[in-house]
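Participant: Quick one, fold the following:
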Amino acid sequence: MSGFRELRSQSVVLRQTNIDTDQIIPARFLSTTERAGLGRNAFNDWRWQADGSPNPAFPFNQPENAGRSVLLAGRNFGCGSSREHAPWALTDLGLRAIVSSEIADIFRNNSLKNGLLPVVLAEADVQTLMERPDDELVVDVAARELRAPDGRVYPFPLDAFAQTCLIEGVDEMGYLLARQADIEHYEETRHAR
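Facilitator: Next comes the predicted model:
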């Protein structure tokens, strides 16, 4: 997982609401604990036709959306069952940020633990951004804001610990391990008392 302070990207738009974790990564692909390769199965039932060929109408199969790392999604993204494979699949697909007016709590927490930034904005703001997917957006983790090229700034909530982990590119365990020397020093001085 690599950290980032700022992300610049055009966006992919999925207007559907109530996109659940089984639509993000169907249960039949959950038998692995490997993150690599799960992007191929992200949105599997929408991306691929019955014969295995790409569905040309699905946004992630459209050439103009290749390499984009921001997803603008309809309300209630990531609802359904808890599955860490969902953010794994999305990051393996190349996404770094999901922008929606509502992101399910469990999905949001799983995303933050896996380097995927959930950005919650007002519904009207999401709809405005969806009208201009070719605009390069700036997602500023350090400032906790999304900036559009027209000068609009959209602040978003992000707790300080999640912000630090995203910037440093670590999960909770990685955060602790990076501070091992400080922890050992504390333990030594505490036991000396």
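Participant: count of neighbours near the closest residue in space to Glu6 that isn't next to it in sequence?
Facilitator: Setting aside the residues directly before and after it, Glu6 is nearest to Asp140 in space (C-beta to C-beta, 6 or more residues apart in numbering), at 5.1 Å. Every C-beta, even on glycine, is put in place using the N, C-alpha and C of the backbone. By other C-beta atoms under 10 Å, 18 other residues sit near Asp140.
Participant: Could you pull out the buried residues of stretch 169-181?
Facilitator: Val170 (16 or more other C-beta atoms under 10 Å).
Participant: distance between that stretch and the chain's centre?
Facilitator: Stretch 169-181 sits 20 Å away from the centroid of its parent chain (C-alpha atoms, centre = their mean, to the nearest Å).
Participant: Determine how far the last residue of that stretch lies from the first.
Facilitator: Using C-alpha to C-alpha, to the nearest Å, one end of stretch 169-181 lies 19 Å from the other.
Participant: I'd like the average pLDDT over it.
Facilitator: The predicted model assigns stretch 169-181 a mean pLDDT of 78.
Participant: excluding its backbone neighbours, what's nearest Ala73?
Facilitator: Excluding the flanking residues, the one nearest Ala73 by C-beta to C-beta, 6+ apart is Ser100, at 4.4 Å.
Participant: which helix is the longest one in the chain?
Facilitator: Taking DSSP state H as the criterion, the chain has its longest helix at helix 180-192.
Participant: Which strands and helices lie in contact with that one?
Facilitator: The criterion is 3 or more C-beta pairs under 8 Å, 6 or more residues apart in numbering; DSSP states H and E, and there are no helices or strands that helix 180-192 contacts.
Participant: swap the cut-off to 10 Å and go again
Facilitator: helix 172-178 (3 or more C-beta pairs under 10 Å, 6 or more residues apart in numbering; DSSP states H and E).
Participant: which sections of this protein are below the confidence cut-off?
Facilitator: Along the chain, the parts satisfying pLDDT under 70 run over 1, 192-193.
Participant: and the residue nearest the centre of it, how far is that from Val139?
Facilitator: The structure's the chain has its C-alpha centroid closest to Leu116; by C-alpha atoms, centre = their mean the separation is 3.1 Å. To Val139, Leu116 is 11 Å away according to C-beta to C-beta, to the nearest Å.
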